[in-house]
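Student: Below is the sequence, then the predicted model.
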Amino acid sequence: EQLATPLSSPAMPGGRKMLVVDDNQDAATMVAELLRGFGNEVSVAFDGQEAISFFHHELPNVVLLDIGLPGMDGYTVARTLRANAAPGNFTLIALTGYGQPEDIRKSFEAGFDHHLTKPLDINKLLDILATTPDTQVLS
C-alpha cells in the first residue's frame with residue numbers, strides 16, 4: 001500500500017499504528033485524518049465493542065479514546081484494553097468533553113496515560129506523541 005508523502009513534523013514522527021474511538025463520527029474522522037497527515041496508520045471505531053475488536057486485530061501503539069461512549073463507556077473500554085495487553089506496550093489517551101478533576105482522576109484509575117479535553121488541542125497531542133515510543137515492546 002503506497003501512501004502519499006506525509007507532512008513532516010519534528011515533534012511527531014509518523015509511522016505509528018493508531019486507533020481513534022469516538023461516537024461522534026465527524027470528530028473521529030477529523031482526528032484520524034489529521035493523524036494520517038503525519039504519516040500514521042489510523043483506524044477509527046465508533047463504540048466500545050468495535051474499539052476492543054480493532055485493538056486486538058490492529059495492535060495500535062496509541063489509542064485516543066472518548067469517555068462518553070454509548071453502551072460501554074471509555075473507562076470500561078480502557079480497563080478492558082489494559083487487562084488484555086502487556087503493560088506499557090501502548091499509550092492510552094482520553095479525548096473527551098469530561099474535564100472536571102473527578103473525570104481526570106477516574107480516567108487515570110481506568111488506565112489512561114493522558115487526559116485531553118475537547119476540543120482537541122493539537123499542540124498538546126503533539127507534545128504527548130513526541131514522548132511516546134514509536135513501536136510496541138513485545139515481551
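Tutor: Good, I have the coordinates.
Student: When you work out contacts or count neighbours from here on, use the C-alpha atoms and nothing else.
Tutor: OK.
Student: Distance of residue 21 relative to residue 29?
Tutor: With distances taken as CA to CA, to the nearest Å, residue 21 is found 10 Å from residue 29.
Student: shared neighbours of the two, anything?
Tutor: Overlap of the contact sets of residue 21 and residue 29 (by CA atoms under 8 Å, 6 or more residues apart in numbering) consists of residue 44.
Student: What is the neighbour count of the residue lying closest to residue 16 once chain neighbours are set aside?
Tutor: The shortest distance from residue 16 to any non-neighbouring residue, by CA to CA, 6 or more residues apart in numbering, is to residue 40 (5.0 Å). By other CA atoms under 10 Å, 20 other residues sit near residue 40.
Student: What of the one 5 residues further on?
Tutor: Taking other CA under 10 Å as the neighbour definition, residue 45 ends up with a count of 22.
Student: dump the residue contacts of it.
Tutor: When contacts are counted by CA under 8 Å, 6+ apart, residue 45 is found next to 19, 20, 21, 22, 23, 28, 51, 54.
Student: is it in a bridge, and if so with what?
Tutor: Note on residue 45: beta-bridge partners by DSSP bridges are residue 21.
Student: ok, now how distant is it from residue 32?
Tutor: The gap separating residue 45 from residue 32 is 10 Å, by CA to CA.
Student: tell me, what's touching those two both at once?
Tutor: Between them, residue 45 and residue 32 have residue 20 as joint contacts when contacts are counted by CA under 8 Å, 6+ apart.
Student: buried stuff in the host helix or strand of residue 78?
Tutor: The secondary structure element spanning residue 78 is helix 74-83 (assigned by DSSP states H and E). Taking 16 or more other CA atoms under 10 Å as the basis for neighbour counts, the residues of helix 74-83 that come out buried are 74, 75, 76, 77, 78, 81, 82.
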